[in-house]
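[1] For reference, the sequence and a predicted model appear below.
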Amino acid sequence: MLDSIRKILKPFARTMKRIHILLLLLFSTWIPLQGVVRLPAIFSDHMVLQDGKPVKLWGWASPGENMTIEFAGQFATLRANLGGVWRTTFDPPGKRGPHKMVITGRNRIIIEDILMGEVWVCSGQSNMEWPLTRTMNASREIATAEYPEIRLFKVERHATGVPQENCRGSWKPCNPQNTKSFSAVAYFFGRHLHKELGVPIGLIQSAWG
């Protein structure tokens, strides 16, 4: 009788063992993801931060995760809240840069080539979205668009009816390759400011025609 019961239960035991192994594998891959410190896309290599103003940073991590941030000779030690959100503020650096930021938690993020200057959000519809490739003398303008201290951030289109915590995009230096599909209005405005003020310029294009 006992042998018969064992024969009946044997296939179920094998199935449960496989499920148990699968759950262990899934759990082992899930754990590291919870410990990954993340930043909004607006904080990336080549970014420009507003000069003369406190530098406010925020992001996500595991609830209660400890981390340190080093920026322009300043250090911050902080912990993510129960919702996995963290925030901190640095004093404005005395120099324009380039600066480097190192964020260390269970993982490490290094952001390089950070400049302090003027940051402008360039938003609107078709007039603001109009790219440099469709302007007068476009070939000449694009060929001469080499300004290492002007940085471009183009927010990718994403329709939503509620405020978002993040977006898709990244900072890029102003050069012919990166400028040709960027807003012409924003580019000419930023170039004028850069020539007049002699400071780094960050342009954030968030437009949808």
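    Looks like it arrived, so ask away.
[2] Please make it C-alpha for all contacts and neighbour counts, starting now.
    OK.
[3] Next SSE downstream of the longest strand belonging to the chain?
    Scanning the chain for the longest strand, with DSSP state E as the assignment, gives strand 108-124. Following strand 108-124 in sequence order, the next helix or strand is helix 126-129 (DSSP states H and E).
[4] which other residues reach that following helix?
    Contacts to helix 126-129, defined as C-alpha atoms under 8 Å, 6 or more residues apart in numbering, come from residues Cys122, Phe182, Ser183, Ala184, Val185, Ala186, Gln205, Ala207, Trp208, Gly209.
[5] which residues does the fourth one contact?
    Under the criterion of C-alpha under 8 Å, 6+ apart, the contact partners of Ala184 comprise Met128, Glu129, Trp130, Pro131, Leu132, Thr135.
[6] Which among those count as buried?
    Met128, Glu129, Trp130, Pro131, Leu132 (16 or more other C-alpha atoms under 10 Å).
[7] which residues sit in contact with the residue nearest the centre of the chain?
    For the chain, Ala41 is the residue whose C-alpha lies nearest the centre (C-alpha atoms, centre = their mean; 1.7 Å). By C-alpha under 8 Å, 6+ apart, the contact list for Ala41 reads Asn166, Cys167, Arg168, Gly169, Ser170.
[8] Make JSON lines out of those residues and add pLDDT, secondary structure and distance to Glu65.
    JSON lines is the format used below for the contacts of Ala41 (pLDDT from 0 to 100; DSSP: H, G, I helix; E, B strand; the rest coil; distance: C-alpha to C-alpha, whole Å):
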{"residue": "Asn166", "pLDDT": "88", "secondary structure": "coil", "distance to Glu65": "21"}
{"residue": "Cys167", "pLDDT": "90", "secondary structure": "coil", "distance to Glu65": "24"}
{"residue": "Arg168", "pLDDT": "93", "secondary structure": "coil", "distance to Glu65": "25"}
{"residue": "Gly169", "pLDDT": "93", "secondary structure": "coil", "distance to Glu65": "26"}
{"residue": "Ser170", "pLDDT": "94", "secondary structure": "coil", "distance to Glu65": "26"}
